[in-house]
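Colleague: I'd like to go over a predicted model; first the sequence, then the structure.
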Amino acid sequence: MPLLTAETFSLQFNNRPCYPKRTYLCYQLMPQNGSTPTRGYFKNKNNRHAEICFIDKIESMGLDKTQCYEVTCYLTWSPCPSCAQKLVAFAKAQVHLNLRIFASRLYYHWLLSCKKGLQLLWQSQIPVEVMGLPDSRGTCAGLLHGYTV
């Protein structure tokens with residue numbers, strides 16, 4: 001799967017007040033045995049959220065359940081309440097995965113339902129961290145250009 005172009009990355013992952021409202025999810029799946037990581041990205045498409053596309057992709061990979069994996073997701077927006085619930089269910093079903101989420105912006109963080117979605121992730125041991133501008137340019141750029149983060 002191709003990685004994001006530098007232009008798309010720069011436009012979508014900046015967390016300045018003026019930004020397009022698209023959701024992108026870049027991910028890195030790192031086997032703990034030292035094998036080559038798998039990287040890719042998804043965006044919302046045809047009313048399917050990027051998080052759901054990501055879950056479907058990882059589930060379809062037929063990962064070795066005896067192997068442990070670190071999965072890091074970088075999102076332009078934090079998960080909506082529905083996606084938060086689905087990510088929690090996914091993580092509980094995939095106990096061999098350790099999932100971490102970094103978000104460029106919080107999705108409607110002033111709404112109670114969105115706060116509850118973030119709380120559910122936190123309570124389920126899925127950390128969601130908000131990236132500052134240096135993080136979004138540095139850490140995610142590593143994914144963009146194929147470096148291990």
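Modeller: It's in.
Colleague: May I ask which helix or strand of the protein has the lowest mean pLDDT?
Modeller: Least confident helix or strand of the chain, by mean pLDDT, DSSP states H and E, is helix 133-144 with a mean of 48.
Colleague: So the most centrally placed residue in the chain: helix, strand or coil?
Modeller: Per C-alpha atoms, centre = their mean, the C-alpha nearest to the average position across the chain is that of Cys73, at 2.6 Å. Here Cys73 is recorded as strand under DSSP: H, G, I helix; E, B strand; the rest coil.
Colleague: Hmm, Ser104 and it touching each other?
Modeller: No - in this structure Cys73 lies outside contact range of Ser104 using C-beta atoms under 8 Å: 11.6 Å. For the C-beta atoms, the positions are set from N, CA and C on the backbone; glycine is no exception.
Colleague: Identify the contacts common to those two.
Modeller: When C-beta atoms under 8 Å, 6 or more residues apart in numbering defines a contact, no residue borders Cys73 and Ser104 alike.
Colleague: returning to what we had before: contacts only, for the residue nearest to the centre of the chain.
Modeller: Contacts of Cys73 by C-beta under 8 Å, 6+ apart are Leu25, Cys26, Tyr27, Glu51, Phe54, Leu99, Arg100, Ile101, Phe102.
Colleague: Quickly note the distance from it to Cys83.
Modeller: 11 Å (C-beta to C-beta, to the nearest Å).
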